[in-house]
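1. here are the coordinates; sequence isn't available:
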């Protein structure tokens, strides 16, 4: 984190050109792989992952995925038993307040990870600073939307990069 | 049209970042205006507009909009009476065959205009050559999708341009 710069909550996700983060049956097979994308450099910008319970359980089911990312894990859930998840922080009440506290602590940026439901909650609470999409060159026609229905979210384009695979990296600031 | 180059059917439309061409109540007020976008230069690439009945009736209701565009108008409709629309060509049967014939005639490119339903029909018939989106920097959350549900459509990125307003011009070829 640069001196004087606040810690940001950044929603970073792969989408189709028509705004889906997964196919109608949860498929991810359409996501373009691009060897020029420096995923490690991206990962070094974060020290914390914020996710909902569904994403967390999906990640746990994939074995050591979360450990290998080496990040602090914060899960928003009203049903998980914290004593069963000693390696993670479980937030079950006052979610907006606690995420705001997390952002006010020193550290690298926080990555909002996984599905769109928590993105909607955090967006409506005014807590999301950036939306960063890796847009694969495909139209899916249906699937899991990048943002569930609700109020509009105007953005400010910060950066755009076309990768050799045809993937577009589009980075936006959320306008409050 | 450059010599030796086939006449292309190009779907050109303004979308939100999450893939909607209109809001849930048909709103267009979110579309970014960008004074650097040379709409006349775009328009000069076409001599024909292909549209469905709903788009056609919407355009007619806006007075001289279609006339002012100065293009040949082709409408796909099973209900319109051709004798009532002498200035337009109405296609009511063998749509794919007739659009293919239209593409085989000499001329500039054909712009697929308006809603996503005809885009889906033309795409599934293998007749769309390019998808060209002007993506405004906003997430709408819900609305009219750029492509109605159906099979996937893989694309090839041809060109991307970030405009000063934050609008992204993204041009793709359809992979057959």
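-> Perfect, I can see it now. Note that this is a predicted model, so its numbers are computed, not measured. Numbers count the residues shown, from 1 in each chain, chains lettered A, B, ... in the order given.

2. which one is residue A:105 nearest to, not counting chain neighbours?
-> residue A:7 (7.2 Å; CB to CB, 6 or more residues apart in numbering or on different chains). (C-beta placed from N, C-alpha, C; glycine too.)

3. pretty sure that neighbour sits in a helix.
-> No. Going by DSSP: H, G, I helix; E, B strand; the rest coil, the assignment for residue A:7 is coil, not a helix.

4. so who does the closest residue to residue A:152 other than its chain neighbours touch?
-> With CB to CB, 6+ apart as the criterion, residue A:152 has its nearest non-adjacent residue at 5.6 Å, and that residue is residue B:140. Going by CB atoms under 8 Å, 6 or more residues apart in numbering or on different chains, residue B:140 touches A:152, B:16, B:18, B:20, B:23, B:24, B:30.

5. now do residue A:63 against residue B:144, distance only.
-> Look at residue A:63 and residue B:144: by CB to CB, to the nearest Å, they are 41 Å apart.

6. more neighbours: the two, which one.
-> residue B:144 (19 against 9; other CB atoms under 10 Å in any protein chain shown).

7. pretty sure that one contacts residue B:116?
-> Yes. Contact criterion CB atoms under 8 Å: residue B:144 and residue B:116 qualify, at 6.7 Å.

8. who touches both of these two?
-> By CB under 8 Å, 6+ apart, residue B:144 and residue B:116 have these common neighbours: residue B:21.

9. next SSE after the worst-scoring helix or strand of chain A on mean pLDDT?
-> None of the helices or strands of chain A scores lower by mean pLDDT, DSSP states H and E than helix A:65-69, at a mean of 69. Using DSSP states H and E, the helix or strand that directly follows helix A:65-69 along the chain is strand A:72-76.

10. list the strands paired with that following strand, with their directions.
-> Note on strand A:72-76: by DSSP bridges, its sheet partners are strand A:46-52 (parallel), strand A:88-91 (parallel).

11. not counting the shortest one itself, show me its contacts.
-> By CB under 8 Å, 6+ apart, the list of residues contacting strand A:88-91 from outside reads A:56, A:72, A:73, A:74, A:75, A:76, A:77, A:80, A:82, A:98, A:99.

12. that concludes my questions; thank you for your assistance.
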